[in-house]
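**Student:** Sequence and predicted model, in that order:
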Amino acid sequence: METTMPQALYDIYCGPAPDAASLPWRWNLDPVLLAALAVLAVALLRNRDGRAFAALGLAVLVVAFVSPLCALASALFSARVLHHVLLVAVAAPFLALALGRMPRLARASQLAFAVHTLLFWLWHAPAAYGFALSSHAAYWLMQLSLLGSAVWLWAAALGPRTPAGNACALLFGTVLQMGMLAALLTFSRQPLYDAHLATTAAFGLTPLEDQQLAGVLMWVPAAGPYLLAVLWRIRAVLAQAPLDRRAP
């Protein structure tokens, strides 16, 4: 009874927190979700040029929402952070590339950065996080706003019309803002998220250790995709430089 009481106040989309024994069987086969993913697949795979990126992005979404990771995020805040990292740093760039050249989506890069940063910090504030777990509608508001703003940001950063310097600034800025939030989580002296106070022991973690692990995940692995994208943009500029010098 002790392990489930705090979550009685929440209506978590992926269900109550599992334990280690039940976790492998906690696949999410919500028919509405599966239908939405199928519709998204049909829409994205129509673009032949972006099919590979679409397939990768969809695969990441399946891991995030269908696999037992969805249920694990009900127990561990670190799993929720991993889930969000997969959305904003892995699925989002693949989906942005799958959409191809969409000038409207790539416009207003500074606004895209501001909106995504605001939403990322908002949804990881304890009060907003608790609200996101209070109903299925609030949960999907959190997930879709994070994913949508991240796709917008990546479309701006990867778009050919965005100057490389601006793109690198967007990506570095995102790494910095995530790092600052990660530092707050890692060095906090007390657990901040009530929903996970009684659900981490089944996985051998205290709530504070779980929160610190979340901070490390947000700080180190999450930075990888952004830094790789920076290197890709720099490489493209360097490859173009000799051609520019040869131009009359």
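**Tutor:** It's in. Being a predicted model, the structure only gives us computed values, none of them experimental.

**Student:** Helix, strand, or coil at the spatially closest residue to P207 that is not a sequence neighbour?
**Tutor:** The shortest distance from P207 to any residue other than its chain neighbours is 3.6 Å, reached at P191 (CB to CB, 6 or more residues apart in numbering). The C-beta positions use only the backbone N, C-alpha and C, and glycine is treated the same way. Here P191 is coil, with the state taken from DSSP: H, G, I helix; E, B strand; the rest coil.

**Student:** check contacts around P191.
**Tutor:** Shown in contact with P191 (CB atoms under 8 Å, 6 or more residues apart in numbering): 197, 206-208, 210-211.

**Student:** The same query, at a cut-off of 6 Å, please.
**Tutor:** Residues near P191 by CB atoms under 6 Å, 6 or more residues apart in numbering: 207-208, 211.

**Student:** Could you check how far it is from T199?
**Tutor:** Noted for P191: a distance of 11 Å to T199, by CB to CB, to the nearest Å.

**Student:** which ones are touching T174?
**Tutor:** Y226.

**Student:** mind listing what's buried in the helix or strand hosting it?
**Tutor:** According to DSSP states H and E, T174 maps onto helix 164-187. For helix 164-187, burial by neighbour count (16 or more other CB atoms under 10 Å) applies to 164, 166-171, 173-175, 177-179, 181-182, 185-186.

**Student:** same thing with stretch 128-139?
**Tutor:** 129, 131-133, 138-139.

**Student:** Just give the closest residue to S145, not the sequence neighbours.
**Tutor:** L119 (5.2 Å).

**Student:** so where does that neighbour fall, helix or strand?
**Tutor:** Element membership of L119, judged by DSSP H and E, is helix 109-123.

**Student:** any idea how far L184 is from L192?
**Tutor:** According to CB to CB, L192 and L184 sit 9 Å apart.
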